[in-house]
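Colleague: only geometry, no sequence info:
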């Protein structure tokens, strides 16, 4: 009993994963690992409203951004369009009208307000448990900007052609 108490005080725990097959066990382990990593990220930098709504609220600051050239203005415009994509994708995949949801969230003053695509309703995302770790959102945005800037400064890019039957 003393050993168990000391392990809990030292923040050590064991999670045992089971399943009907090796594939199920592997998937369960991956899900638990993802949850642990997301929890560590949330502890380290905090949380924001999930479902892409935090990016919509963050993009409001782009309107006041002072730019020195047309190239910088084009970059800001690209980011303004890009930060809408996660929300639009979630809403569209759930079968709802994405532009209507985007408009309603964009007009909200409450930065915890968002759209629960699973239930098809607007709500306080934090209270509803729909959250994203700040660290995850921040690094995703930084990494995407890094890749985009690398692609713009590269002289040649090679990619696979998408066949029409692959677009389904």
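Modeller: Happy to help now that I have it. Quick caveat, the model's predicted, so the values are computed rather than measured.

Colleague: What strand or helix carries the residue most central in space within the chain?
Modeller: The centroid of the chain falls nearest to residue 137 when counting by Cα atoms, centre = their mean (5.2 Å). Secondary structure from DSSP states H and E places residue 137 in helix 134-153.

Colleague: If you count neighbours, what's buried in that helix?
Modeller: Buried residues in helix 134-153, counted by 16 or more other Cβ atoms under 10 Å: 134, 135, 136, 137. No exception for glycine: its C-beta is placed from N, CA and C like everyone else's.

Colleague: which one among those residues gets closest to residue 92?
Modeller: residue 137 (19.8 Å; Cβ to Cβ).

Colleague: Walking through this protein, point out its strands one by one.
Modeller: In the chain, strands defined by DSSP state E lie at 47-49, 113-116, 121-124, 131-133, listed in chain order.

Colleague: Generate TSV for these, with mean pLDDT and mean neighbour count as supplementary columns.
Modeller: Shown next, in TSV, are these (pLDDT from 0 to 100; neighbours: other Cβ atoms under 10 Å):
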stretch	mean pLDDT	mean neighbour count
strand 47-49	95	22
strand 113-116	96	23
strand 121-124	96	13
strand 131-133	95	21
